[in-house]
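# need a structure here:
(2 chains)
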Amino acid sequence: KNQVEQSPQSLIILEGKNCTLQCNYTVSPFSNLRWYKQDTGRGPVSLTIMTFSENTKSNGRYTATLDADTKQSSLHITASQLSDSASYICVVSGQAGTALIFGKGTTLSVSS
Amino acid sequence: SAVISQKPSRDICQRGTSLTIQCQVDSQVTMMFWYRQQPGQSLTLIATANQGSEATYESGFVIDKFPISRPNLTFSTLTVSNMSPEDSSIYLCSVEGTGDYEQYFGPGTRLTVT
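Predicted structure coming up:
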């Protein structure tokens, strides 16, 4: 069964600290993996998109990594800010024409 | 990029009634997607709506419960019919971008059924 598992479920960090969120997937065949940020009361917004051949991709203070062999991805947030408080969702796309598989998300809270 | 708006942003409805959610996109798109996000759960695709044809529903979702209209290339509606408390969720509209693998989401409609 195609699944996307994220950990931890929730995380609390102090402003200015770094953190890493994990995503494991069993989707096959694999096309691409995406990380989205979802603020409370808003729809998800894309942070990074990686295909099979990409190992890492950055978007400002967000850096995503992908290991297609082990089917694992991580999202690293550097020098966290209060505005980083949100849910971070890992999404995997399989073959063309199939639905995206969404993880349940990691809820990040950044406190001052 | 695509800018998507949804109406209403939230609603509280009584059991047995129906609610129609509107989705408006600022550009013409071929496909529009409707998702459901239940509390503590991941997003689940309800259906894909193409202009001029019947919507395609995912397993577990039926047209009688979630009728969809797609009258033109910038607008769609999703109706949640004969609601029960289990329908309490956030409903999101989404479209594909023109770039590789880009997908944009509306702000969502938070539905509570009492």
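
# Nearest spatial neighbour of A:Asn18, chain-adjacent residues omitted?
Nearest residue to A:Asn18 in three dimensions, chain neighbours excluded: A:Thr78, at 5.3 Å (C-beta to C-beta, 6 or more residues apart in numbering or on different chains). Backbone N, C-alpha and C define where each C-beta goes, glycine included.

# ok, that neighbour touching A:Thr63?
Yes. Assessed by C-beta atoms under 8 Å, A:Thr78 is found in contact with A:Thr63 at 7.2 Å.

# Low-confidence regions, chain A specifically.
By pLDDT under 70, the low-scoring segments of chain A are A:97.

# still on that earlier bit, how many neighbours does the residue nearest to A:Asn18 have?
The local packing of A:Thr78 (other C-beta atoms under 10 Å in any protein chain shown) involves 13 other residues.

# ok, now the one 5 residues further on?
Per other C-beta under 10 Å, the neighbour tally for A:Ser83 reads 10.

# what about it, which SS state?
Classification of A:Ser83 by DSSP: H, G, I helix; E, B strand; the rest coil places it in helix.

# give me every residue that touches it.
A:Val110 (C-beta atoms under 8 Å, 6 or more residues apart in numbering or on different chains).

# Pull up the gap between the residue of chain A found nearest chain B and A:Leu66, please.
Going by C-beta to the nearest C-beta, chain B is nearest to A:Gly43 of chain A, at 3.2 Å. Separation of A:Gly43 from A:Leu66 (C-beta to C-beta, to the nearest Å): 24 Å.

# So the two - more neighbours on which side?
A:Leu66 (24 against 21).

# what's A:Thr65 in contact with, if anything?
Neighbours of A:Thr65 in contact, by C-beta under 8 Å, 6+ apart: A:Asn55, A:Thr56, A:Ser73, A:Ser74, A:His76.

# Identify the residue spatially nearest to the second one, adjacent ones excluded.
Of all residues beyond its chain neighbours, the one nearest A:Thr56 is A:Thr65 (4.9 Å), with distances taken as C-beta to C-beta, 6+ apart.

# Am I right that B:Leu78 sits in a helix?
No. Judged by three-state DSSP, B:Leu78 forms no part of a helix; its state is strand.

# ok, it touching B:Leu92?
No. Using C-beta under 8 Å, B:Leu78 is not in contact with B:Leu92, being 9.8 Å away.

# any residues in contact with both of those two?
By C-beta under 8 Å, 6+ apart, the residues touching both B:Leu78 and B:Leu92 are B:Trp34.

# on that earlier part again, so who does the residue nearest to A:Asn18 touch?
Taking C-beta under 8 Å, 6+ apart, one finds A:Asn18, A:Arg61, A:Tyr62, A:Thr63 in contact with A:Thr78.
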